[in-house]
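Peer 1: Here is my input; please provide its structure:
(2 chains)
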Amino acid sequence: MTTEELKTITANQIVDARGTACPGPLLAAKKAIGEIESGEVMEILSSDEGTKHDIPRWCEKMEHEFLGIVEEDSYTRLFLKKA
Amino acid sequence: MDFENQILELQKKVGKLEKGTKDQLSMVVFSGDLDKILAAMIIATGAVAYDMQVKLFFTFWATASLRDPKKKASGKSFMGKMFGMMLPKGKNKLKLSKMNMAGMGAAMIKGLMKKKNVASLDELFKVAGELGVVINICEMSMDLMGFKKEEMIDYPNLNVCGVATFLADASESKVQLFI
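Peer 2: Okay, the predicted model is just below:
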């Protein structure tokens, strides 16, 4: 998805993991993914650089669809659709 | 060999293969240094988030880090008492493997971690316990250093066991590490 398309998405669940370091955002994502249904969209907010690489790899493994990244000034928004 | 026997043989082999590739991480935690235990616990909690089962085998110097400073064990031998005094009493008394500088380095790292929002060892052990990370302590190391189970931290999945338990866990894990 393009950045413009991602910006229009309203996620079913927003996980704010800003301020936590590795593996904080991943743990937060794992915890929150259990609270949404298959096909729903989750947005993760992270200020940890590594998350940009970790979340796509995690999605690959868990078979969630990784939708993409939107960069903000001091953090990143990562979007995924639950398998 | 007839056809039916061949199938049975294959089923056995597939069963073994499946068992051999559990999505599990087995780690030997040998070092008793702050930095190395920190790395072990970050990898362990990260692995759980990565949907793996995690089994840690604490042995030798690492066993001292599992002591609870508030707990006391009685009936120790002279050598046991000596070891108990010489080794760090729990995870908050660990030294850095490099640049410890009589504790100044360790204090600086802890300060930096706080500033950068890196979870402390206390937090990492708490999260690991909640997520089902299993900690197995080497019985022989405890015996050697005179540590008793009753002076170890309160942790949900804490067992005392031998090397065979580690080998059994490791042989059915996809990932094995030694720290």
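
Peer 1: tell me the average confidence for stretch B:93-104?
Peer 2: Average pLDDT, stretch B:93-104: 93.

Peer 1: Please enumerate the strands of chain B.
Peer 2: For chain B, the strands defined by DSSP state E occupy B:22-29, B:53-58, B:134-138, B:158-161, B:173-178.

Peer 1: and of those, who's closest to chain A?
Peer 2: strand B:22-29 (9.1 Å; CB to the nearest CB). Where C-beta positions appear, they are placed from N, C-alpha and C, glycine not excepted.

Peer 1: Report whether that closest one contacts chain A.
Peer 2: No. Strand B:22-29 stays clear of chain A (CB under 8 Å from any CB of the partner chain), getting no nearer than 9.1 Å.

Peer 1: so how far is the first residue of stretch B:150-164 from its last?
Peer 2: 23 Å (CA to CA, to the nearest Å).

Peer 1: Show me how far that stretch is from its chain's centre.
Peer 2: On the basis of CA atoms, centre = their mean, to the nearest Å, stretch B:150-164 sits 9 Å off its chain's mean C-alpha point.

Peer 1: For it, give me every contacting residue.
Peer 2: Residues from elsewhere that reach stretch B:150-164 (CB atoms under 8 Å, 6 or more residues apart in numbering or on different chains): B:66-68, B:71-73, B:90-91, B:125, B:129-130, B:132-140, B:142, B:149, B:165.

Peer 1: what's the answer for stretch A:71-83, then?
Peer 2: So stretch A:71-83 is contacted by A:1, A:6, A:9, A:11, A:18, A:33, A:36-47, A:51-52, A:55, A:59, A:62-70 (CB under 8 Å, 6+ apart).

Peer 1: so where do the helices sit in chain A?
Peer 2: A:3-7, A:24-33, A:51-62 (DSSP state H).

Peer 1: CA atoms only: put the first one into PDB for me.
Peer 2: Once side chains and other backbone atoms are set aside, the C-alpha atoms of helix A:3-7 remain, and they are given as PDB (Å, rounded to 0.1, in the frame of the first residue of the first chain):
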ATOM      1  CA  THR A   3       1.800   6.000   2.200                       C
ATOM      2  CA  GLU A   4      -1.200   8.000   1.100                       C
ATOM      3  CA  GLU A   5      -3.500   4.900   1.200                       C
ATOM      4  CA  LEU A   6      -2.100   3.900   4.700                       C
ATOM      5  CA  LYS A   7      -2.800   7.400   6.000                       C
END
